[in-house]
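Asks: Predicted model and sequence follow; I will ask about them next.
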Amino acid sequence: MYLATERGLSTSYQLNVQRTLEAFAEWAKASGGQGWREVQPQTITEFLASRKRSGLQAASVRLDAVAIRIFYRFLAARNGWKENPAEVLTLPRPEKHLPETLGVEEVRRLIESISPDDPQGLRDRAMIELLYSSGLRVSELCAARLENIDLEAGFIRVTGKGMKTRLVPVGDPAAAAIRSYLDAGRPPLVRRWTGAEIFLSVRGRRLTSQRLWQLIKEYAGRAGISTGVYPHLLRHSFATHLLAGGADLRIIQELLGHSDISTTQIYTHVEKSGLRAVIKKFHPRG
């Protein structure tokens, strides 16, 4: 309840915190049977080290550390503890990887590989156009509802991480594809139990993120794109292409729904790597 109401964390994040704390409790018990109150900073550090040795990536270990810190802050506040063993915890530094992106031509081929000749084709084209046009997360696209999109104004309202809501522009090609889907594609998919979600499965229910992954992989194969294509790749491509076109980083941050500009800054590294590639290819001393 605390994670949902006071911290505003998503259901999936709450489950991740639960799994981490269960693993930590089991580890602490096996290491000497310490209760939550008896845990020392070194105990937490040793647990995180064991997680790293088990093969977890630094980003996952960092999430474990954050989950334990959240939990102990909760315990300290509720019980009036003066000392919090997790407060002095040093978070593992995240590994920085440049995001993969598709080229503009590859995005065009991906979209054009979808034949809008039936309800599913109309739906799939509209979804991929919207992913690339607006940089939505998969969860945001699957949860998008009819009352939250205004095609005349060219905006969609989505709820992202931390239950934060934002307005995102919808480009003209995406708006046209969505109109075609709403007019001729969605009605045949509607069943008596159908809700207000925009994108429906063949059974009339909300389309799942897993199904979206499958569809994009299938269309990428048809388009002859050798890069491993997944839905979030379109979000990366959206941001990178905006930056290449001269968009301000703060605007891109707002469009993506990033709470911290440092998260968005990774796209500047992508652009810089592209500039380096140009110099290496064309400069006589590159």
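Replies: Happy to help now that I have it.
Asks: Tell me which residues touch residue 203, please.
Replies: residue 191 (C-beta atoms under 8 Å, 6 or more residues apart in numbering). Backbone N, C-alpha and C define where each C-beta goes, glycine included.
Asks: How is the protein divided into domains?
Replies: As assigned by automatic domain parsing, the chain contains the domains 2-79, 104-280.
Asks: and the gap between the closest residue to residue 254 other than its chain neighbours and residue 59?
Replies: Using C-beta to C-beta, 6 or more residues apart in numbering and skipping the chain neighbours, the partner closest in space to residue 254 is residue 166 (7.1 Å). Using C-beta to C-beta, to the nearest Å, we find residue 166 at a distance of 24 Å from residue 59.
Asks: for the longest helix seen in the chain, the distance to its chain's centre please.
Replies: What stands out as the longest helix in the chain, according to DSSP state H, is helix 58-79. Counting by C-alpha atoms, centre = their mean, to the nearest Å, helix 58-79 is centred 22 Å from the centre of its parent chain.
Asks: Would you map the helices across the stretch 101-250 of the chain?
Replies: Along the stretch 101-250 of the chain, counting by DSSP state H, counting those that start in this stretch, helices occupy 104-112, 119-134, 138-143, 172-180, 209-222, 231-244, 249-256.
Asks: Please identify the deepest-packed of those.
Replies: Most buried of the helices of the stretch 101-250 of the chain, by mean neighbour count (mean count of other C-beta atoms under 10 Å): helix 119-134, with a mean of 24.
Asks: any idea of the angle it forms with helix 231-244?
Replies: Interaxial angle, helix 119-134 versus helix 231-244 (axes from the mean of the first three to the mean of the last three C-alpha atoms, to 10 degrees): 40 degrees.
Asks: what is the mean pLDDT for helix 119-134?
Replies: Along helix 119-134, the predicted local confidence has a mean pLDDT of 95.
Asks: In the stretch 151-286 of the chain, where is pLDDT below threshold?
Replies: Scanning the stretch 151-286 of the chain for pLDDT under 70 picks out 269-286.
Asks: Go ahead and confirm residue 207 touches residue 199.
Replies: Yes. At 4.5 Å, residue 207 counts as touching residue 199 under the criterion of C-beta atoms under 8 Å.
Asks: Overlap of the contact sets of the two?
Replies: 123, 127, 142.
Asks: Distance-wise, check the first one relative to residue 211.
Replies: Plainly put, residue 123 is 11 Å away from residue 211 if you go by C-beta to C-beta.
Asks: Likewise for residue 258?
Replies: Residue 258 sits 26 Å away from residue 211, going by C-beta to C-beta.
Asks: Could you do residue 119 as well?
Replies: Distance from residue 119 to residue 211, counting by C-beta to C-beta: 14 Å.
Asks: swap in residue 21?
Replies: Per C-beta to C-beta, residue 21 is found 31 Å from residue 211.
Asks: and residue 31, what does it touch?
Replies: Taking C-beta under 8 Å, 6+ apart, we find residue 31 in contact with 43, 46.
Asks: actually residue 258, not the one I typed
Replies: Counting by C-beta under 8 Å, 6+ apart, residue 258 makes contact with residue 264.
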